[in-house]
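Trainee: how would this look folded up:
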Amino acid sequence: MDIRPNHTIYINNVNDRIKKEELKRALYALLSQFGQILDIVALKTMKMRGQAFVIFKELSAATNALRQLQGFPFFNKPMRIQYAKTDSELISKMRGAYGDKEKKREKKKKAQELANINKKPASAVNTQPPPPATVQNLIALLLILPSFRFPGFKEVRLVPGKHDISFVEFESETQAGVAKDALQGFRITATCAMKITYAKK
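Mentor: Numbers count the residues shown, from 1 in each chain. Reported below is the predicted structural model:
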């Protein structure tokens, strides 16, 4: 079944070891270049792990993001992107069609509650923390993050023997500034945030 173009894109095959807030910041940094983002929904429930929904204000922005980032290596996993099957609540509200959707949802929720009355509680979820990031992962992430397809991106250069420094080159200082502002302070891990400065000429 073909899914019609939508303001909301559905992304799966996302690394589920990334914390929710970190994931949302990274998705925003990556996808905001295509247009205004209204919301990013990323849940950590068992059913929704490794998935996210990104709602764009403009349909063309969602389409461009879907086309240009299909298979993009995001936290070491290729992104799989498609249009969401239904409109988000935000878009429905903007179009004035939110009431109909809400009534259907309430009816479905009541039916589901009745069906769940006799269900047993779900088994315990694995609560072990993810393994710490390795230097190799950090280097790979540093290579991916600066190349978030910001306009004017040219290349990334690593410094031999230094695992925590890289140089990212852009066509102009203005374009470099946009990327610098968007990624400044981005948390690679819980204790390691990116610090971005201009290279000395």
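
Trainee: go through the host helix or strand of Q175 and flag the buried ones.
Mentor: When secondary structure is defined by DSSP states H and E, Q175 falls within helix 173-183. For helix 173-183, burial by neighbour count (16 or more other Cβ atoms under 10 Å) applies to A176, A179, K180, A182, L183. Just so you know, the C-beta spots here come from the backbone N, C-alpha and C atoms, and that holds for glycine as well.

Trainee: can you list those residues in CSV and add distance to P160 and pLDDT?
Mentor: Listed next are the buried residues of helix 173-183 as CSV, based on distance: Cβ to Cβ, whole Å; pLDDT from 0 to 100:
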residue, distance to P160, pLDDT
A176, 23, 83
A179, 24, 79
K180, 24, 82
A182, 28, 77
L183, 23, 77
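
Trainee: what segments of the protein are helices?
Mentor: Counting by DSSP state H, the chain has helices at residues 20-31, 59-69, 89-95, 98-116, 135-144, 173-183.

Trainee: rewinding a little: and the angle for the helix holding Q175 with helix 20-31?
Mentor: Put simply, helix 173-183 runs at 160 degrees to helix 20-31, going by axes from the mean of the first three to the mean of the last three Cα atoms, to 10 degrees.

Trainee: ok, the residue minimising distance to the centre of the chain - contacts?
Mentor: Among the residues of the chain, the one closest to the centroid is L27, at 2.6 Å (Cα atoms, centre = their mean). L27 is in contact with I11, I40, A42, A52, V54, counting by Cβ atoms under 8 Å, 6 or more residues apart in numbering.
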